[in-house]
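Student: sequence first, then the predicted structure, then my questions.
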Amino acid sequence: MIQIEHLSKSYTLKANSTHHALHDVNLTIADGEVYGIIGASGAGKSTLVRCVNLLERPTEGRILIDGNDITHYRGKKLLELRSRIGMIFQHFSLFEQRTVLRNVTFPLELRKDTKAHREERGHELLELVGLGNKADSYPSQLSGGQKQRVAIARALALAPTIMLCDEATSALDTRTTASILELLKDINEKLGVTMLVITHSLAVADKVCDKIAVIDEGRIVESGATRQVLTNPASPITRELLRYDLLGAADASSDADGISDGAGQSAVGEELVTADAPAPGNEQERA
Ligand code: ADP
């Protein structure tokens, strides 16, 4: 379980001014839950999630994981904490000079696992994400969806119990987004990994999240079961986000091929909610 208690984060800017990115955030995420953090750009989503693995240090408040207060972990304890928390990003962050397999096994190299174990684990993870035949390829030879699959496999290398997904589908088209969300849900169900999913898209949240919290200007404005929040939004901010998602869906459906680019991702709206996701590995390959 992750408990976030009275969490605040301020950044000191030049000229000695302070920016308050998070204010008194309280959230509880149960084991095995997929929990969405929803909000517009600049709302504080990334800051909040990055506090969970201490890429950002909270200014006030505390974070407990499985009852242990991790807020001030450093050194060995911090490394051990991070090994239990995988993370994926919008732009994949792969090593271009390494093969797919050696991207996935990178965390195991850092841990000084044997080559035989690294390779066995790497192949097992590539099978899991539907890329069993891409071990020797390089990232430049993969589609965006395949790159994100490699990043997911790498994030799972150390068998984390928590995964942080920071706008993981925002650079992908509608169909690929659906297949990556299917994969994340599959991993959540098969491996029981607790997931914190940052997204500005309510359609994405609706597809994978058991619960969501809506954040605006660093404050949680509402939270609860995803369908409950989306069908009965209590906050004007949620209603506004819903309106933009639906507007985006209208834009997307007027598109000839129905595929939006990365910039229009907020956009996939209703279309994504109802889309049938293709099986893992089915997104089109780049020629
Ligand atoms: P989101 O993920 O919702 O787009 P962020 O958490 O990235 O939002 O940012 C929240 C606010 O904090 C924004 O106004 C952003 O400019 C500010 N911020 C984020 N990181 C820093 C930083 N390192 N220094 C100063 N301000 C920051």
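Tutor: That came through fine.
Student: every contact and neighbour count from this point should use C-alpha atoms.
Tutor: OK.
Student: what about the helix or strand containing Met163, near the ligand?
Tutor: Here Met163, judged by DSSP states H and E, is contained in strand 162-166. No - Strand 162-166 stays clear of the ligand (Cα under 6 Å from any ligand atom), getting no nearer than 8.0 Å.
Student: name the helices or strands packed onto that strand?
Tutor: In terms of contacts (3 or more Cα pairs under 8 Å, 6 or more residues apart in numbering; DSSP states H and E), strand 162-166 is packed against strand 85-89, strand 194-199.
Student: now do that strand against strand 85-89, angle only.
Tutor: Strand 162-166 and strand 85-89 meet at an angle of 20 degrees, taking axes from the mean of the first three to the mean of the last three Cα atoms, to 10 degrees as the criterion.
Student: how far is strand 162-166 from where the chain is centred?
Tutor: 4 Å (Cα atoms, centre = their mean, to the nearest Å).
Student: list the buried residues in that strand.
Tutor: Within strand 162-166, the residues that count as buried by 16 or more other Cα atoms under 10 Å are 162-166.
Student: rebuild those as JSON lines, extending it with distance to Leu128.
Tutor: Output for the buried residues of strand 162-166, formatted as JSON lines (distance: Cα to Cα, whole Å):
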{"residue": "Ile162", "distance to Leu128": "17"}
{"residue": "Met163", "distance to Leu128": "16"}
{"residue": "Leu164", "distance to Leu128": "18"}
{"residue": "Cys165", "distance to Leu128": "18"}
{"residue": "Asp166", "distance to Leu128": "21"}
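Student: confidence score at Gly248?
Tutor: Confidence at Gly248, expressed as pLDDT, is 64.
Student: make 524 the first number, not 1, from now on.
Tutor: Understood, numbering begins at 524; the last thing we discussed is Gly771.
Student: pLDDT on the helix or strand that Gln751 is a member of, on average?
Tutor: Counting by DSSP H and E, the element that carries Gln751 is helix 749-754. Helix 749-754 carries an average pLDDT of 94.
Student: list the helices and strands that helix packs on?
Tutor: If contacts are counted by 3+ Cα pairs under 8 Å, 6+ apart, helix 749-754 sits against helix 725-731, strand 734-739.
Student: how distant is it from the center of its chain?
Tutor: Offset of helix 749-754 from its chain centre (Cα atoms, centre = their mean): 20 Å.
Student: what does stretch 631-650 give?
Tutor: In terms of Cα atoms, centre = their mean, the centre of stretch 631-650 is found 23 Å from the chain centre.
Student: buried residues, that stretch. List them.
Tutor: Under the neighbour-count criterion of 16+ other Cα under 10 Å, stretch 631-650 has 631, 641-642, 644-646, 648-649 buried.
Student: just to revisit the earlier point, just the helices and strands packed on strand 685-689: most buried one?
Tutor: strand 717-722 (a mean of 26; mean count of other Cα atoms under 10 Å).
Student: where along this structure do the helices fall?
Tutor: Using DSSP state H, the helices found in the chain span residues 568-575, 598-606, 623-627, 629-633, 638-651, 667-678, 697-714, 725-731, 749-754, 759-777, 792-797.
Student: residues of the second one that come out buried?
Tutor: Spelled out, that is helix 598-606. 604-606.
Student: output the contacting helices and strands for that helix.
Tutor: Using 3+ Cα pairs under 8 Å, 6+ apart, helix 598-606 sits against no helix or strand.
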